[in-house]
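# Turn this into a model:
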Amino acid sequence: MTYQEKKSIVSMFSSILIFVVYCLYMYPKYPGGELSSEALRYWGSFVLILTVVTIIAHIIISIIFNIIFRMTTGEKEPTFADELDKLIEMKANRISFFMFIIGFLLAMGTLVMNEQLQTMFIILIIAGFISDVIGSVMKLYYYRKGV
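Sure thing, here's the model as predicted:
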């Protein structure tokens, strides 16, 4: 298994783990009841903190992965990306962005249909999570099957 495949697997599982742990941490803090300024503050902080936590956790996990990879294989992280790597990255990002845009449009559709505002936030959060996981899965798929 190549470095890129291993990195994609680690990225996929870390995204799932980060999202599940964060949701389990934040769920008890939900104010409940009717939509109020407190609930809007909750959803705003949920999204902002999730973004920051995800970025920091991915950086830390990437560093740990590189250390473990180097210790177990004796190889260094590739210092360059060839044309195949760039093509796979672009295709995976395109699919990931497409999935997020679909989620975004669904979330905006809930506002048009007079659904609760929290439904929009939930769909946006889930769309971000799914697009992150799909991006990692597609990278793994393209490295395995080819472009």
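# who touches Gly128 in this structure?
Gly128 makes contact with Leu50, Phe100, Gly103 under the criterion CB atoms under 8 Å, 6 or more residues apart in numbering. (Glycine included, C-beta is placed from N, CA and C.)
# quick one: average confidence on the longest helix that the chain contains?
Criterion DSSP state H: the longest helix present in the chain is helix 37-73. Averaged across helix 37-73, the pLDDT comes to 91.
# Likewise for stretch 125-144?
Averaged across stretch 125-144, the pLDDT comes to 94.
# Please identify the buried residues of it?
125, 127-143 (16 or more other CB atoms under 10 Å).
# what residue lies at the spatial centre of the chain?
Asp132 (3.0 Å; CA atoms, centre = their mean).
# these two touch, right, that one and Ser96?
Yes: counting by CB atoms under 8 Å, Ser96 is a contact partner of Asp132 at 7.0 Å.
# List the buried residues in the host helix or strand of Ala92.
If you go by DSSP states H and E, Ala92 is part of helix 83-112. Neighbour counts over helix 83-112 (16+ other CB under 10 Å) mark Ile88, Glu89, Lys91, Ala92, Ile95, Ser96, Met99, Phe100, Gly103, Phe104, Ala107, Thr110 as buried.
# excluding its backbone neighbours, what's nearest the fifth one?
If the residues on either side of it in the chain are set aside, Ile95 comes closest to Met138, at 5.1 Å by CB to CB, 6 or more residues apart in numbering.
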